[in-house]
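Asks: Below: sequence and its predicted model.
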Number of protein chains: 2
Amino acid sequence: MITISFNTDSNMPLYQQIYNYIKKEILSGRLSHPEKLPSARSLAANLQVSRSTVDTAYSQLVAEGYIDAREKRGYFVNPITHTQNFTPSRDPLPVSSHSLEQSCTFPYDFDPDAVDTVHFPYSVWKSIGKNQLDDPHNFISGNPLGDRGLRQAIAAYLYGSRGVICTPDNIIVGSGLDYLLQMVCVLFGRNAIVAMEDPGYRSARQILTANGYHLHNIPLTHGEFDVQALRRSSASICYVTPSHQFPLGSVLSISHRQSLLDWASEKEGRYIIEDDHDSEFRYKGKPIPALQSLDQNQKVIYIGTFSKAVSPAIRTGYMVLPSALMSRYRESCSGYACPVPRISQAILTEFIQQGYFEKHLNRMRKLYKGKHDTMLEELHIHFPDDLLHISADNAGLYMIIHYHGSLSDGEILGRAEKNGIRLRPLKGYYANLPASYQPAYLLGFASLDEIQIRDGVALLAEHVLI
Amino acid sequence: MITISFNTDSNMPLYQQIYNYIKKEILSGRLSHPEKLPSARSLAANLQVSRSTVDTAYSQLVAEGYIDAREKRGYFVNPITHTQNFTPSRDPLPVSSHSLEQSCTFPYDFDPDAVDTVHFPYSVWKSIGKNQLDDPHNFISGNPLGDRGLRQAIAAYLYGSRGVICTPDNIIVGSGLDYLLQMVCVLFGRNAIVAMEDPGYRSARQILTANGYHLHNIPLTHGEFDVQALRRSSASICYVTPSHQFPLGSVLSISHRQSLLDWASEKEGRYIIEDDHDSEFRYKGKPIPALQSLDQNQKVIYIGTFSKAVSPAIRTGYMVLPSALMSRYRESCSGYACPVPRISQAILTEFIQQGYFEKHLNRMRKLYKGKHDTMLEELHIHFPDDLLHISADNAGLYMIIHYHGSLSDGEILGRAEKNGIRLRPLKGYYANLPASYQPAYLLGFASLDEIQIRDGVALLAEHVLI
């Protein structure tokens, strides 16, 4: 006999109240296998509800396996083992508003990864976006490699501005270096032996490590990648930033580029991952052509993103794969869709095709050069050469200051924080810190205006790096 | 002596023509180490260009390592080895408009993965989108786990509709099952032993295989996952679709859920991946609560997406991690950013928070039920029960037809194609096809209207499954 006191104030439908009640009875053991439930008709009469209300509750219990329907015999409780306690003991939605992810803001954050978002042509982006939102095609699944139009636009841009030799058919659109490098790890599998520059890009090192590779860290001697050290290692894959070494800022010379390509060509299965992270921005001469543009043997995996040239928030990047790897991708990675929403791809495609991207790049090159020059000037005004040496200038969105005074790294960071300045120590980018390391910091200028740069450098000189 | 005939018709700046010329001379070996270049002043005079034009060309050559600047001595050609041929031999941008990715369209595509995009509330989505495009914050890098507002909205939705116990702090936003499963593979590393349902979701199998796992395929006996077979395997990770098995459509019963949770609890390091792919849509009773809602021992990784409820084109999904795995993620996956663009996150957040998501779901549940009922009805009208058996109905966006006639699978697919019908054979979802397998097909109804469903089923009956 089942008696349920319905909660008539509740919004919960009656069938669900019946379902909940019987489920609770079964889970608590008060109703147990092989007990027979009352027929739907008699329970409906008993509870004074409609027959279909009970039917719905019973089918739900059948669907979830609590009870069994036997033709012409009725409903029976199934055997349930009670090893698990079914009352949720955890508070489902704690009200704490604080989380581990809170970040402080500094008035002077010399963030080397930041970009200038003030001068982005929002009005253009918005009007393209609004048009694209009108197109229902942007709500239908797209090509797993990325929309062809976008890949065409990227191929044309890469060939024109970076000398990269590619077709839309060997480009894969992804959400950023992190995603693309992850896919490279999937392509190479568990047994690859991977080398990378030291110092180098932290996220790349973390991703390669998270994938279980024991990294060979190849030291940069006087800013140059040591191809001989790579040769002595057993690595078959090598991650480099040849056009603007991150973080040291050096350019891999043509002879080193050749040696690196030679190394890759000498053995089957060797590949170079070229991370061409911020090569859009050089303030002296024209951009250095990509290493990939010199590659005659399909040995370079070229990765680039729109993170610096547009914004990291749009999460769009691309990689150019040698044909052997492209075939491997098509074969073994068919389970992966392109992670960039179609609407985002459509906006970016139009932004490039209509020439806004190039215009924006040219404008930002000038603006960043202005910020770069201001920072350099202010550093020279405020610091004597023997206290502060500057490197990694003339390109990208940051420079490096090397401190030769008496304060320790810890003292400097403490003083900086006290003065509202956030500094990124160079040592954070090393896997193996050289014995000769002296305190040095990356100073990003992209997200600061010229007044902030002036004031920030002055503060550094007066209160921090003394 | 360097003589360059400038191309005055070209848009190429003079400095670049000088740079190109000298680079070519060096690469061809006509200028070689340790030759000295003319001084910038004399070359400028000689070529009748400004001194700064030559300076720019020279600095570029220095930056790329072709030449070396020695203080007070001038510019010297660096040693370059000529093992690589530097003239690009490949056509950079072939004009072929055909690619491997071309897909044909069928008038009657019973795609089980498609969704209804006709009834999506574009006007609402667009107006939210247009407002969000006005907010420059959407161009600044966001939280690597996904924006907190979105994670809060997801936590509330999951608790309310699926019984999932979670907080914003153990939710990770990603671009879809493919991305999230990939991150799970990264978390578990190389040595995990993984089991999954057979038949099962093809992309999941491809991703697990692409990550180098040798899968234990656990057969579904009469549609039920065989926990005993899982126990006999050495697997520590198990991927399942408990609320609506893909593709068979069965619901994992409560006793099997308990056994599965027991299995996971018995050994450290065992985990269940619950892919809750389309559980928003059930046409009888209410949605089956998630397996995760029964888990008291933090053993279930819950993965869901907005692909079915909104559209796969928005590439947004989420996973709920047990706390031990969440800590592991925070430690070892700090190199990964959230792949969903911030603007997409912002639009979706507002769409959920303002109640549009729930409204849309309720509407689509009715619409899909209509299409589902039409398909079922038409199948019953056109086919005798002994020729065609129907399963996997009453939930999701497709059903399965099992054919008991005399045609072979190949004959059926050939006839279907000839009649403009695209069918997905059930056998494509099996790793190991059972000996008893009979031709069966997934019939999706989501993207077809009722007339297309009627006509398509009639065509199937008249010309294909005879």
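Replies: Received the coordinates, thanks. The structure presented is a predicted model; accordingly, all values stated were derived computationally and were not measured.
Asks: Buried residues, stretch A:283-297. List them.
Replies: A:283, A:285, A:287-296 (16 or more other CB atoms under 10 Å in any protein chain shown). In short, each C-beta sits where N, CA and C put it, glycine included.
Asks: can you narrow the residues you listed to ones near chain B?
Replies: Cross-checking the buried residues of stretch A:283-297 against chain B (CB under 8 Å from any CB of the partner chain) gives A:285, A:288-289, A:293-294, A:296 as the overlapping residues.
Asks: Spit out the contact partners of A:Ala195.
Replies: Counting by CB atoms under 8 Å, 6 or more residues apart in numbering or on different chains, A:Ala195 makes contact with A:215-218, A:230, A:233, A:235, A:237-239.
Asks: so what's the spatially most central residue of chain A closest to, chain neighbours aside?
Replies: Closest to where the C-alpha atoms of chain A average out (CA atoms, centre = their mean) is A:Asp178, at 4.5 Å. For A:Asp178, ignoring the flanking residues on the chain, the nearest one in space by CB to CB, 6 or more residues apart in numbering or on different chains is B:Tyr336 at 4.7 Å.
Asks: Quick one: distance of the helix of greatest length in chain A to the chain centre.
Replies: Counting residues, the longest helix found in chain A (DSSP state H) is helix A:356-382. Taking CA atoms, centre = their mean, to the nearest Å, the mean C-alpha location of helix A:356-382 is offset from the chain mean by 26 Å.
Asks: Show the average pLDDT along that helix.
Replies: When pLDDT is averaged over helix A:356-382, the result is 96.
Asks: try stretch A:260-274
Replies: pLDDT averaged over stretch A:260-274 gives 97.
Asks: Stretch A:394-408 too?
Replies: 94.
Asks: Can you give me the first-to-last residue distance of it?
Replies: Stretch A:394-408 has its terminal residues 28 Å apart, counting by CA to CA, to the nearest Å.
Asks: Now for the residue nearest to the centre of chain A: which residues touch it?
Replies: A:Asp178 touches A:203, A:207, B:335-337, B:339, counting by CB under 8 Å, 6+ apart.
Asks: quick one: which of these is nearest A:Gly74?
Replies: Proximity to A:Gly74 was ranked across the contacts of A:Asp178 by CB to CB; first place goes to B:Pro339, at 51.7 Å.
Asks: any weak-confidence spans in the stretch 201-350 of chain A?
Replies: A:286 (pLDDT under 70).
Asks: Do you have the strands of it handy? List them.
Replies: For the stretch 201-350 of chain A, the strands defined by DSSP state E, counting those that start in this stretch occupy A:216-221, A:224-225, A:237-240, A:271-275, A:300-305, A:317-320.
Asks: Mind checking if the first one is in reach of chain B?
Replies: When you say that, I think you mean strand A:216-221. No: using CB under 8 Å from any CB, strand A:216-221 stays clear of chain B, coming no nearer than 14.5 Å.
Asks: Name every strand pairing with that strand and say which way it goes.
Replies: Next to strand A:216-221 in the sheet, as set by DSSP bridges, lie strand A:194-198 (parallel), strand A:224-225 (antiparallel).
Asks: Can you tell me which of those strands has the worst average pLDDT?
Replies: When I compare the strands paired with strand A:216-221, strand A:224-225 is least confident, with a mean of 89.
Asks: Would you list the phi and psi of the residue lying closest to A:Pro34 once chain neighbours are set aside?
Replies: The shortest distance from A:Pro34 to any non-neighbouring residue, by CB to CB, 6+ apart, is to A:Phe76 (5.6 Å). Backbone torsions of A:Phe76, given as degrees, to the nearest 10, read phi -130, psi 140.
Asks: A:Phe76 - how many residues pack around it?
Replies: Burial of A:Phe76 is recorded as 14 neighbouring residues (other CB atoms under 10 Å in any protein chain shown).
Asks: ok, now A:Val124?
Replies: So A:Val124, with other CB under 10 Å, has 15 neighbours.
Asks: distance of it from chain B?
Replies: 11 Å (CB to the nearest CB, to the nearest Å).
Asks: Same check on A:Glu450?
Replies: Distance from A:Glu450 to chain B, by CB to the nearest CB: 20 Å.
Asks: Pick out the residue in the stretch 1-150 of chain A sitting closest to chain B.
Replies: Closest contact between the stretch 1-150 of chain A and chain B, by CB to the nearest CB, is at A:Gly65 (2.3 Å).
Asks: B:Val124: which of the contacts of A:Ala195 is nearest?
Replies: Distances from B:Val124 to those, taken by CB to CB, are shortest for A:Tyr239, at 44.3 Å.
Asks: in the sheet, who's paired with the closest one?
Replies: A:Met196, A:Ile273.
Asks: Make a markdown table from the strands of the stretch 201-350 of chain A and add distance to B:Ile254 to it.
Replies: Shown next, in a markdown table, are the strands of the stretch 201-350 of chain A (distance: least, CB to CB, whole Å):
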| stretch | distance to B:Ile254 |
| --- | --- |
| strand A:216-221 | 52 |
| strand A:224-225 | 60 |
| strand A:237-240 | 48 |
| strand A:271-275 | 49 |
| strand A:300-305 | 47 |
| strand A:317-320 | 45 |
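Asks: B:Lys369 is nearest to which of the ones you listed?
Replies: strand A:317-320 (41.2 Å).
Asks: what's in contact with that closest one?
Replies: A:146, A:151, A:154, A:158, A:164, A:166, A:170-177, A:179-180, A:183-184, A:292, A:301-307.
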